[in-house]
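Trainee: Sequence first, then the predicted structure:
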Amino acid sequence: EMQAAASLPGDSFGDILARLPAGLDLDALALQTKAIERKRKIGDGATLLRVALARGPGGLSLSQTAAWAAMLGMARLSDPAIKFRLDKAIDFLGAIVARILAGKTPGPVVHWPGRVLRVADGTHVNQPASKGTDWHIHGVLDLGRGGFSHLALTDNHVAESIGHGAPLAGEVRIGDRNYARAGKLRDFRAQSASKADFIVRMSWRAFRLTRPDGGMFDLIAHLEALPQDHAPHEVMVQAAVEPGEPPLPLRLIMLRRPPDATETTRRHLIRRAPRKQKKLDGRSLVAAEFVVLATSLPPEGYSPEAVLAAYRLRWQIELAFKRLKSLLHIDQLPTHTPAASRSWLLAHLIVALLCDDLSQDVLESFP
């Protein structure tokens, strides 16, 4: 059954085309990506995109898509023919996503003068009856603009990384524990010529840490020695990257959590250990009492309180992914083959990015 909230009425496609980047030649792109090689049945890029959107965010099955296309006079195709053309359209749809993203400009400054705050996160989508993760959607959300500056689809072999989405000079990228990997953070800094910074939450075992003088740094011992207060504390350390490579300088910011939050986390760790058939490490119980952030931002101009406040904005991207699932139903993947799944998901990413632009129009209008 078609999803009413995301359906594509026959007279609205012109509005969608108008929101694509200026100068985007869908016909040339379809030929370049070999989505169309012979102009039979579906002979132009706009029609191919329209069919992909109907099958994807439009919520139509293959047979419904075939019937819908025939009713609108676009093409008379069988179910297998629709699937064949959408399978061939993967690179075409991916290129449209890339072109839309290329036209995104940084949003207004948030939190710090001259800095662009962006949050990285990912979500997973599974095929029907799957027992694991099949697809990852990697996103970077521009907090100033309130929309995605990067969206990418990968299979389950590509892990979350702060390297998804090229950094901008002046950017501060925020990530959770999954992004606390020394090598990836070093590469992120290098890619921006050290003009972009990061804030990531870290577990106590995320890095092999030393002091600036090269001596070993024991994070757990440091946490245990902190005063019994709820003020933020900081220390400068280094994280090992690879043998022979210079260490990554880090500034750690530590804040004691409220007692109830600490107790909830500790109970969870105690319950989870037997299920994973592992002995609970006592250091995890110590670390549960703290939020520990690692950042490349210097102390001058970036107080611990301000860095913690910036990290708390991370929930915005979690809401953005929830909207993709609750409004576009991107998590209700109906397809069973990798090619069909890719085209279905990429069509959703196109609509997600166009919805970002539409929301900006609404926000800019008065009242």
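Mentor: Here it is on my side, so go on.
Trainee: Any stretches of the stretch 251-367 of the chain with poor pLDDT?
Mentor: The stretch 251-367 of the chain contains residues with pLDDT under 70 at 277, 358-367.
Trainee: Could you pull out the helices in it for me?
Mentor: For the stretch 251-367 of the chain, the helices defined by DSSP state H, counting those that start in this stretch occupy 259-275, 282-287, 304-311, 315-326, 338-364.
Trainee: would you list the ones you listed in CSV and tack on mean neighbour count and distance to Pro21?
Mentor: The way it works is simple: take the backbone N, C-alpha and C, and place the C-beta from them, glycine included. Shown next, in CSV, are the helices of the stretch 251-367 of the chain (neighbours: other Cβ atoms under 10 Å; distance: least, Cβ to Cβ, whole Å):
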stretch, mean neighbour count, distance to Pro21
helix 259-275, 12, 45
helix 282-287, 16, 46
helix 304-311, 18, 31
helix 315-326, 16, 21
helix 338-364, 18, 10
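Trainee: Turn these into CSV, including distance to Leu93.
Mentor: Listed next are the helices of the stretch 251-367 of the chain as CSV, based on distance: least, Cβ to Cβ, whole Å:
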stretch, distance to Leu93
helix 259-275, 40
helix 282-287, 43
helix 304-311, 34
helix 315-326, 16
helix 338-364, 4
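Trainee: Nearest to Ile174, out of the ones you listed?
Mentor: Closest approach to Ile174 among those (Cβ to Cβ): helix 304-311, 5.8 Å.
Trainee: who touches that closest one?
Mentor: Residues from elsewhere that reach helix 304-311 (Cβ atoms under 8 Å, 6 or more residues apart in numbering): 111-112, 117, 172, 174, 199, 201, 232-234, 253, 255, 291, 293, 295, 297.
Trainee: And those, which is closest to Thr133?
Mentor: Distances from Thr133 to the contacts of helix 304-311, taken by Cβ to Cβ, are shortest for Arg201, at 21.5 Å.
Trainee: which ones are touching the closest one?
Mentor: Gly175, Asp176, Arg177, Ala180, Val291, Val292, Leu293, Ala294, Tyr311.
Trainee: could you flag which of these are buried?
Mentor: Among those, those classed as buried by 16 or more other Cβ atoms under 10 Å are Gly175, Asp176, Ala180, Val291, Val292, Leu293, Ala294, Tyr311.
Trainee: Just those residues: which are in strands?
Mentor: Gly175, Val291, Val292, Leu293, Ala294 (DSSP state E).
Trainee: nearest to Asp134, of those residues?
Mentor: Within these, the smallest distance to Asp134 is 22.8 Å, found for Gly175 (Cβ to Cβ).
Trainee: what sits up against the helix or strand that contains Ala98?
Mentor: Assessed by DSSP states H and E, Ala98 sits inside helix 90-102. Applying Cβ under 8 Å, 6+ apart, the contact partners of helix 90-102 are 20-21, 24, 26, 29-30, 32-35, 45, 48-49, 52, 148-151, 153, 339, 342-343, 346-347, 349-350, 353-354.
Trainee: Can you point out the buried residues in that helix?
Mentor: Of the residues in helix 90-102, those buried (16+ other Cβ under 10 Å) are Ile90, Asp91, Phe92, Leu93, Gly94, Ala95, Ile96, Val97, Arg99, Ile100, Leu101.
Trainee: For it, C-alpha coordinates in PDB please.
Mentor: Output of helix 90-102 as PDB, limited to C-alpha atoms (Å, rounded to 0.1, in the frame of the first residue of the first chain):
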ATOM      1  CA  ILE A  90      22.100   3.100  -8.800                       C
ATOM      2  CA  ASP A  91      25.000   5.200 -10.100                       C
ATOM      3  CA  PHE A  92      22.500   7.700 -11.500                       C
ATOM      4  CA  LEU A  93      20.700   8.100  -8.200                       C
ATOM      5  CA  GLY A  94      24.000   8.300  -6.300                       C
ATOM      6  CA  ALA A  95      25.300  11.000  -8.600                       C
ATOM      7  CA  ILE A  96      22.100  13.100  -8.000                       C
ATOM      8  CA  VAL A  97      22.700  12.800  -4.200                       C
ATOM      9  CA  ALA A  98      26.300  13.900  -4.700                       C
ATOM     10  CA  ARG A  99      25.200  16.900  -6.900                       C
ATOM     11  CA  ILE A 100      22.600  18.000  -4.300                       C
ATOM     12  CA  LEU A 101      25.200  17.800  -1.500                       C
ATOM     13  CA  ALA A 102      27.800  19.700  -3.600                       C
END
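Trainee: Compute the inter-axis angle for the next helix or strand after that helix and helix 304-311.
Mentor: Sequence order places strand 116-125 as the next helix or strand after helix 90-102, per DSSP H and E. Here strand 116-125 points in a direction 40 degrees away from that of helix 304-311 (axes from the mean of the first three to the mean of the last three Cα atoms, to 10 degrees).
Trainee: which strands and helices sit next to strand 116-125?
Mentor: strand 135-142, strand 171-175, helix 315-326 (3 or more Cβ pairs under 8 Å, 6 or more residues apart in numbering; DSSP states H and E).
Trainee: hmm, back to that, can you tell me which of the contacts of helix 304-311 are buried?
Mentor: Going by neighbour count (16+ other Cβ under 10 Å), the contacts of helix 304-311 have 111-112, 117, 172, 174, 199, 201, 232-233, 253, 255, 291, 293, 295, 297 buried.
Trainee: Good, wrapping up.
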